[in-house]
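J.: Could you work out the structure for the sequence below:
(2 chains)
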Amino acid sequence: MAALLNVPETAAPGEIVEIKVLIQHPMETGFRTAQGGGLVPRNIIHTVSCHYMGEEVFSAELFPAVAANPYLAFTLVAEESGEVEVRWTDEAGEEFSQSAPITVG
Amino acid sequence: MRAALALLLLAPPAAAQDDRRTGYDDMTPELQAMQDDPVGNPGLFWVLDGEAMYSAAPDTGAESCAGCHGDGETAMSGVAARYPAWDEALDRPVDLAGRIDLCRVRHQGLPPLERESDALLSLTAYVTNQSRGLPIAPDPDPRLDGWREQGEDLFTTRMGQLNLSCAQCHDDLAGGHLAAALIPQGHPTGYPLYRLEWETMGSLDRRFGNCMFGVRAEPFGAGSAEYVALELYLKARAAGLAIEAPAIRP
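T.: So this is what the prediction gives:
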C-alpha cells in the first residue's frame, strides 16, 4: 500500500504550504458484479488524516463514490521543521502511513 | 514535360509539416498537469512496482532482470521506443509485454503472466518509462515489413456489425467527436497508460479490444499476432513522436 506524498522541502515560517497525496488503492465500491455472479466486496479507504507538530491538522472521510487511487490536496501553515505524516485506514481498519520532512526557516 | 512530371512525383511533399497530434495535445491542461506531476501521476505506482520487480530475484534461483540486463535506467533506455521486435525462437514479432513475459519464462523459469495483470503491466510500465521523452524509432528489421503491411491492412479493413475500419475514425475523422469524446489520431505514445475511465493501468491491447468491442467486432485477444501487427503499423505511423508512458487519458 504505497502513497506518493508531496511536501515542499522548505518553507518560510508562517507560510501556507500545499500538501498533495496520492494513495494507491482500488476503492472497490461494493456495487460491482464479480465474474460468475455475486458482488465484489467493498474495499475502500475510510479515513485520511494528516499530522504535523504532534497534532492532527487535516482529516477526511472517504466514501465509495471516490475513484481509485484517491488524490487529496490541502494546505497547512508551516511553523516548525519536522515530519508531515499522512495516515489512512482501509476497509479492515488497518492503518497505513507515510511521512515526509519539511524544513522551516 | 515527362521528365518534369517524374521529378514532381519524386519530390518530397512540400514543407513536410507534422500535423500529428497525440492524446496529450488534446487533453485539458489539468490532465496534462496530472500526467507531468512526478508525485501526482497514478501510473507511477505501476512504474515503482515494476522497478521493485525488475531488481528482485525470482524464487527459482535465476537471476533478477537487473542481474542479466544491468541497471534498468541505462539498459532499458530506448527499448520501448523500438518495440515490437522480431523473436527468433517464435519466428514472429513480439510486443514489449510479450518479450518481458518470454524472458521470464525462458530465463527465469517462471510461469507466464496474464496479459492485463498488474505484474506484467508494472514491468512493462517500468521498462517503457525508461524511454520517456525519446522518439518512437521502429525497428528496421526487414522481416517486420510484411507484418507492418498486415497491420495497415487491419487498420483499413472494415469490421464488426458497425462495419467500420480504424482508419475511418482515426485517419478521416480524427479531431471530430464521437458523442462527447474527441476522436484521437491514435498514436500509441503513452501505453501502458492510466485511464481515468478504467481507474487503472491498461495496455495498448486493452485499448484495441475496447475499439473493436465498440464497432461490435470480436476482439482478437491480448497478445495476438494481429495486435502485434497493428502495433507495428501504428508505431511506424507515429515514428518520431515522443514516448510519454505512463500517460494519463480521460
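J.: State the mean pLDDT of the one helix or strand B:N210 maps to.
T.: Using DSSP states H and E, B:N210 sits in helix B:204-214. If you average the pLDDT over helix B:204-214, you get 94.
J.: since we're on the nearest residue to B:G98 once chain neighbours are set aside, how many residues are nearby?
T.: Distances taken as CB to CB, 6 or more residues apart in numbering or on different chains put B:G223 closest to B:G98, at 5.8 Å, once the chain neighbours are dropped. Bear in mind the C-beta positions are built from the backbone N, C-alpha and C, glycine included. Using other CB atoms under 10 Å in any protein chain shown, the number of residues around B:G223 comes to 19.
J.: mind listing what B:G223 touches?
T.: Applying CB atoms under 8 Å, 6 or more residues apart in numbering or on different chains to B:G223 gives the contacts B:95, B:97-98, B:115, B:205.
J.: Adding neighbour count and secondary structure, write those residues out as JSON lines.
T.: Listed next are the contacts of B:G223 as JSON lines, based on neighbours: other CB atoms under 10 Å in any protein chain shown; DSSP: H, G, I helix; E, B strand; the rest coil:
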{"residue": "B:D95", "neighbour count": "25", "secondary structure": "coil"}
{"residue": "B:A97", "neighbour count": "28", "secondary structure": "helix"}
{"residue": "B:G98", "neighbour count": "25", "secondary structure": "helix"}
{"residue": "B:R115", "neighbour count": "20", "secondary structure": "coil"}
{"residue": "B:D205", "neighbour count": "25", "secondary structure": "helix"}
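J.: I'd like to know which of those residues is nearest to B:Y24.
T.: B:D205 (20.4 Å; CB to CB).
J.: And the helices in chain B, which stretches?
T.: B:2-10, B:29-36, B:44-55, B:65-69, B:72-75, B:79-82, B:96-108, B:118-129, B:145-156, B:166-167, B:204-214, B:225-237 (DSSP state H).
J.: what does chain A give?
T.: Under DSSP H, chain A gives no helices.
J.: center of it, which residue is that?
T.: A:V48 (4.7 Å; CA atoms, centre = their mean).
J.: bridging residues for it?
T.: Per DSSP bridges, the residues bridged to A:V48 are A:A60, A:W88.
J.: before we move on, the earlier item: which strands or helices does the helix holding B:N210 pack on?
T.: helix B:225-237 (3 or more CB pairs under 8 Å, 6 or more residues apart in numbering or on different chains; DSSP states H and E).
J.: Show me which residues of chain B sit near chain A.
T.: B:37, B:39-40, B:42, B:44-45, B:48, B:196, B:199-200 (CB under 8 Å from any CB of the partner chain).
J.: Check which helices and strands the longest strand anywhere in chain A sits against.
T.: Using DSSP state E to assign secondary structure, the strand with the most residues in chain A is strand A:95-104. The helices and strands touching strand A:95-104, judged by 3+ CB pairs under 8 Å, 6+ apart, are strand A:3-6, strand A:10-11, strand A:82-89.
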